[in-house]
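K.L.:
Prediction below, plus the sequence it came from.
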Amino acid sequence: MKIWKPFTIVLSSLLITFPLHLANTCSWGYDMDESILSPFHSEILDLPELFPFYYSEHFYNGDPNSDWSENGGSMDEDLFDGTDNNINEWFGYFNNAVTKEDITAIIYQTQVSDYEAFANHIKGKKNAVEAKWLTNSVLKFWENNPKDPSFRYLTLAKQIEPLVQPVYWWDEIRTDTMRLVDYKNDALGQLKKSKSEFITLRYAYQAARAAHYTGNYQECISIFQKYVAPVQSESQIKYWTMSLMAGAEQRLKNYAVAAYYHAMVFNKCWSRRLSSKRDFYIDNDTIWQQCLNLCKNDHEKNTLWFLTGVSQYNSAVPALNEMLKIDPSSKEIELLLSREIEKIQRNNMPERWWSGIDYEGDFEYQRTSIAPNDIAEIIDVLEKGIAINKMHTPVFWYNAAAFLYFIVEDAEKCKSMCALAIQHANGDNNQIQQAKIISILNKVNNAGEIKSSVEKELIQDLKWLAEQDNTNEMSGFKADAYRIVMFQLMEYYLNDDKPLLAEMCRARAVEYYDIYLEPEKAPIEELYTFLTSNKKSDFESFLAGQYPYNADHMLEIKGTLLLRENQLEEAIRTFKKIQSPDGILYPLSADPFVIHINDCHDCDFEAYPTDLNKLDLAEKMLALKSLAKSDALNRAQIYHELGNAYYNISYWGNAWNALDYYRCHGCETYNIGENASDYYYYNDEYDLTNAVFYYTLAVQETSGKQFAALNYFMLAKCEQNNFYRSAEITDYKFKTDDQQIYFGILHELFSDTEFYREAINECKYFNYYVSNH
Amino acid sequence: MFKWLSYLSIFSILNLSCSKNNNSVTRGFYFWQSSLNSKTLNYNRLDSLNISSLYVKFFDVTWDETSQQPIPVADISLEQPIPANFSVIPVVFITNKTLEHLDTIQTKYLAQKIAKRIQYIIDTNNLAQPTEIQIDCDWTATTRQNYFSLLQTIKQYPAFNKIQISATIRLHQIKYYKTTGVPPVDKGLLMFYNMGNIEDDKSVNSIYDENIATQYVDYIKAYPLALDAAIACYSWGLLYDNHKLLRIFYPLYQDEISDSLFLKVGDNTYKANGNFYFEGQFFVSGNILKLETMTPELSLRAAEQLAENLHNEKINVILFHLDEIILKKYSNEDLEAIYNSFE
């Protein structure tokens, strides 16, 4: 962080009030900057010098917890860093005889020891400096001009620097007062000898700095008054010294004077803008009146009102009204307005609707209430400003008014303000787009219901809102407006008993619309019919085009639901209707016909990949069922394979994604009997009835003891998994004997098989059972 | 005979209700502001009340979003030396948010920095090595692991190994201790205040509400850590705009609310009568300022309610907080009565 200087915090630590976000520190963060749908671009104004003061949760409000650096991606931090200015001033001093890079190196990349070396070098001592300095143009300048006062000044500045630098937060603060006093006296002595205003000003700054850090506040003020105040140039060093002086006044409890000078520094010096905003502090109204009385002109008063209005914790309406009287054309009033409108936007626009789950759920957005007066007051300010007609950026005022009229649902005034905004846009494309966004919102909000005439009128607007163009600064605001419009349309269609069209709109109103979360709840048949219909109106076609899924997706879901129902023939017919299976019918995660003693999905994904998709699977299962009827010799093996397939396409198996799209990790012990409807993934396919059926048939058909043991073990696994899902499970307790029938059979009848020994080694449950029976 | 028995029963009940806990009580005060000017504090009066401990907040630790690290803020400035007959107990407040950001190693590193800074403040102000150091944090189940690790590491700091480490305990941490855990410290300090909903502009007093307190006191006895007691004696102002809490003014007293600026609209609520600066905040006409105040009577009631549920043989009773206004508003008798509730 280049700008933030911890030492200037000292003053603010004296304040005894504290903002709420310090008090409420126990809650998890909720970033309002990103949580509200924002169709209004409140940072649309071109105000780089005021950028940190746009309304934001990350607003730079002067306390260490604020993070203004997140205030927006387009903020130019260098604007608030004095380095470039200082280098430019020095460049002027050296009369262009040196390079800026060399000035940067000499001032910002050196320590005291380097200056000692430079002194020796200038005196002619060989090898006094590192080779890298030999080509430095500033050092060469000093070689040629050994009496130039800049070298002596920079040497002193470099000596003072470590004594007044901000310390690391946790460092112990031990100011070397004696040395600082010596340096201050040296600076004062030199400035009296100096004939250059440039150097004099800098010596005065160093002297004031040393005085401040040694607690000699009165002397700090005197140095400013005597040596700096009379300087006419607008060097930032003047304002750096003024900032020190303001701090000294605050330490001496001259609060009105301190606040006044902090405000002046804020006004004149961008490199101290952030710290002076932070240090501007008015305790009570007496001080405030005294501070106002110190102002020499309206511009200064305007600054004071701006600093008052920019407070994060209250309405800026009083400040706006005062600034309207003082200077309605100032940039500051527009920034304050943008802040108030952003607050209103956050209180009146919907929160992002993240959920895409509930088809029958609550469609209401969460809105926080705000007193209507607050909006009315800002509208009043806007109307007065527009009437005065001296705005710096008229189009912003019209757009702002249009947006507020949209919020208070005054459609006519909103419409006329949008028209005025476009009229006064002067080719500002962002502002034109802003007016268009508000105009569309207003149109939809005012429609009251959706008719074919409205649909026709809206279609081009919606197409424009839906356009995605990341290079367009307004893209995000258009996208948010689109969501709001789609939400509104959804409500209209619901009221008009057109749930399918409402669903099309809902898909674009929510942030993550995901039909696969609860596919069994989706109106798949109706969606398929709608998406494939060739009788759609233009507007319906537009909605269908915006819908994230197509007819093939619907067929895939329908086929999957049929697979769940074990309707293999119907599933096959459905899957076969898919016109473009690529990307729709994807391979299963692993071969569902392999089985192990212990399930390991990840191992199977890697060891047994498959090209089988859902259609192939259904066809193969159907073929196996058919084969089982005719192939008596291999019937047991076929039943076993079918058992494996049914096991593996369930929640428990390696190809669970045959029947579902998401799998809940850790849901195996979730008691489906309780609160099932509350659970996100309750529709996971846990049922093992078909697997049990075919493993049982395999046992009945086989004459091989080893093979029977394997199938009994699989039946035991099904039994175990069913137990996990039963109402009887609590805290992973072990089952009773009557809940472990198949372990019992294995133990009683198959203990002489190789598989039995293998199972004991691999399966801890079985091992435990055997050890205890 | 029956009549005498009745009198005897009534006498016994009265006698029981007036009985003391017979605890050994060490009396203390919190000092929570960042500048302690001894000239404005009447140490003689504290002495006369046998107040021997001053729990002085040395600094806060908050999370700095900009540098993404924990930082100390609001260091104590002891403008005058504290008389040697008072024990100074360093207190450090750590925001829960700080702990949310740290991993185990960073937590231990922070603990060492906190310990080092405490020692630095002790040394530079020529304070006696304390007998106790207190850490204040409204930790939660999510941060308990970090917080407890921090406490253990502070305890292991070489200069502190013979010093008792205490931690503040809030009422919800008492009730839900199985979730929030019990900090690994020598003792806890039960903050018997800040129990209401501060966000609610209709609540009467979020600092202390006997009814709310009743919902918690039964859990105190079961808490598996010795507890000292902290009783509120302060007053603060809460600024609301459109029923939304904007800011806290701490401390704020009735005398500071000027009739020329505010219109009294309720028992403890005031409406801004114009636009003006007050306590560093620009008030807008219509803003509501709610003053929540602990009176001597209310503090005493809180003390009695807590004392009924705390039965330690040795207990520190600390009043929150010490300033010259509190010393004016609470007479010696008031303060005696509060401390005596625990004796």
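P.N.:
Sure, I can see it. Keep in mind it's a predicted model, so treat the numbers as computed, not measured.
K.L.:
contacts, neighbours, all on C-alpha from now
P.N.:
Fine.
K.L.:
Close to chain A: what parts of the stretch 201-343 of chain B are there?
P.N.:
Residues of the stretch 201-343 of chain B lying close to chain A by CA under 8 Å from any CA of the partner chain are B:241-242, B:245-251, B:275-284.
K.L.:
Recalculate using a threshold of 6 Å.
P.N.:
Within the stretch 201-343 of chain B, the positions near chain A by CA under 6 Å from any CA of the partner chain are B:246-247, B:249, B:276-280.
K.L.:
where's the dip in pLDDT among those residues?
P.N.:
Taking those together, the minimum pLDDT is found at residue B:246 (86).
K.L.:
Surely that one is in contact with residue B:238?
P.N.:
No. The pair residue B:246 / residue B:238 is not scored as a contact, 7.6 Å apart, by CA atoms under 6 Å.
K.L.:
If you count residues, where's the longest helix of chain B?
P.N.:
helix B:104-124 (DSSP state H).
K.L.:
And the contacts of it?
P.N.:
B:150, B:153-154 (CA atoms under 6 Å, 6 or more residues apart in numbering or on different chains).
K.L.:
cool, stretch A:241-253 as well?
P.N.:
A:205, A:217, A:221, A:258, A:261-262.
K.L.:
Quick check: the farthest pair among those?
P.N.:
A:205 and A:258 (17.5 Å; CA to CA).
K.L.:
Give me the distance between the two termini of stretch B:300-319.
P.N.:
Stretch B:300-319 has an end-to-end distance of 11 Å (CA to CA, to the nearest Å).
K.L.:
list the buried ones in it?
P.N.:
Neighbour counts over stretch B:300-319 (16 or more other CA atoms under 10 Å in any protein chain shown) mark B:300-307, B:310-312, B:314-319 as buried.
K.L.:
Would you pull up the residue in the stretch 151-300 of chain B closest to chain A?
P.N.:
Nearest to chain A, among the residues of the stretch 151-300 of chain B, is residue B:280, at 3.8 Å (CA to the nearest CA).
K.L.:
Residues of the stretch 301-450 of chain A that sit close to chain B?
P.N.:
Close to chain B, as judged by CA under 6 Å from any CA, the stretch 301-450 of chain A has residues residue A:313.
K.L.:
where are the low-confidence patches of the stretch 301-450 of chain A?
P.N.:
Low-confidence regions of the stretch 301-450 of chain A, defined by pLDDT under 70, span residues A:312, A:354-373.
K.L.:
The helix or strand hosting residue B:150 vs chain A: in contact?
P.N.:
Here residue B:150 sits within helix B:144-156, counting by DSSP states H and E. No. Counting by CA under 6 Å from any CA, chain A has no neighbours in helix B:144-156; the shortest distance is 12.2 Å.
K.L.:
by contact count, what packs against that helix?
P.N.:
Here helix B:144-156 touches helix B:104-124, going by 3 or more CA pairs under 6 Å, 6 or more residues apart in numbering or on different chains; DSSP states H and E.
K.L.:
residues of the helix it packs on that come out buried?
P.N.:
B:106-108, B:110-119, B:121-122.
K.L.:
re the thing from before, quick one: strands adjacent to whichever helix or strand comes after the helix holding residue B:150?
P.N.:
Remark: after helix B:144-156, the chain's next helix or strand is strand B:164-169, criterion DSSP H and E. Using DSSP bridges, strand B:164-169 pairs in its sheet with strand B:132-136 (parallel), strand B:187-191 (parallel).
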